[in-house]
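# Following is a predicted model, sequence given first.
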Amino acid sequence: MRADRRRERLQILGKIILPLAVPGLISAGIFAFTLSWNEFIYALTFISSSEVKTVPIGVITELVEGDVYHWGPLMAGALSARFRSYSCTRSSSSTTCPA
């Protein structure tokens, strides 16, 4: 009897709630993508000094020269940026992760 109730609740979730939530999830994803893309373009346009570039901008501008992609350093920069953002979200100290 208990397994039937669980299966019934999962069917409700899968057939009613998730289809209603999909448009909202898609629009939230599009909104998040456009905000991050606009921030990337803004930083790429207005920051010219190498000392103050953010990691994504620095990786792109310093490691891509025309049609030549330096894949090793590009992947290392992407991985280090990912670990840096992950550690900043997990740490409670504001001194290790600048705003």
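Arrived safely, thanks for sending.

# Pull the number of nearby residues for V59.
Residues lying near V59 (other C-beta atoms under 10 Å) number 20. (C-beta placed from N, C-alpha, C; glycine too.)

# Please apply the same query to L74.
The local packing of L74 (other C-beta under 10 Å) involves 15 other residues.

# That one against T61, yeah?
No. The criterion here is C-beta atoms under 8 Å, and L74 misses it with T61 at 11.6 Å.

# Now the common contact residues for these two.
With C-beta atoms under 8 Å, 6 or more residues apart in numbering applied, the contact sets of L74 and T61 do not overlap.

# Count residues in the vicinity of L18, would you?
11.

# What segments of this protein are helices?
Assigned by DSSP state H, the helices in the chain fall at 2-12, 18-46, 55-63, 71-90.

# winner for burial among these?
Highest mean neighbour count of these: helix 55-63, a mean of 16 (counted as mean count of other C-beta atoms under 10 Å).

# Using CSV, write out every CA atom in that helix.
The C-alpha trace of helix 55-63 is given here as CSV (Å, rounded to 0.1, in the frame of the first residue of the first chain):
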residue,chain,number,x,y,z
VAL,A,55,39.5,35.5,-14.9
PRO,A,56,37.1,34.7,-17.8
ILE,A,57,38.2,37.9,-19.6
GLY,A,58,41.9,37.3,-18.9
VAL,A,59,41.7,33.7,-20.1
ILE,A,60,40.1,34.7,-23.4
THR,A,61,42.1,37.8,-24.2
GLU,A,62,45.5,36.4,-23.1
LEU,A,63,45.3,32.9,-24.4
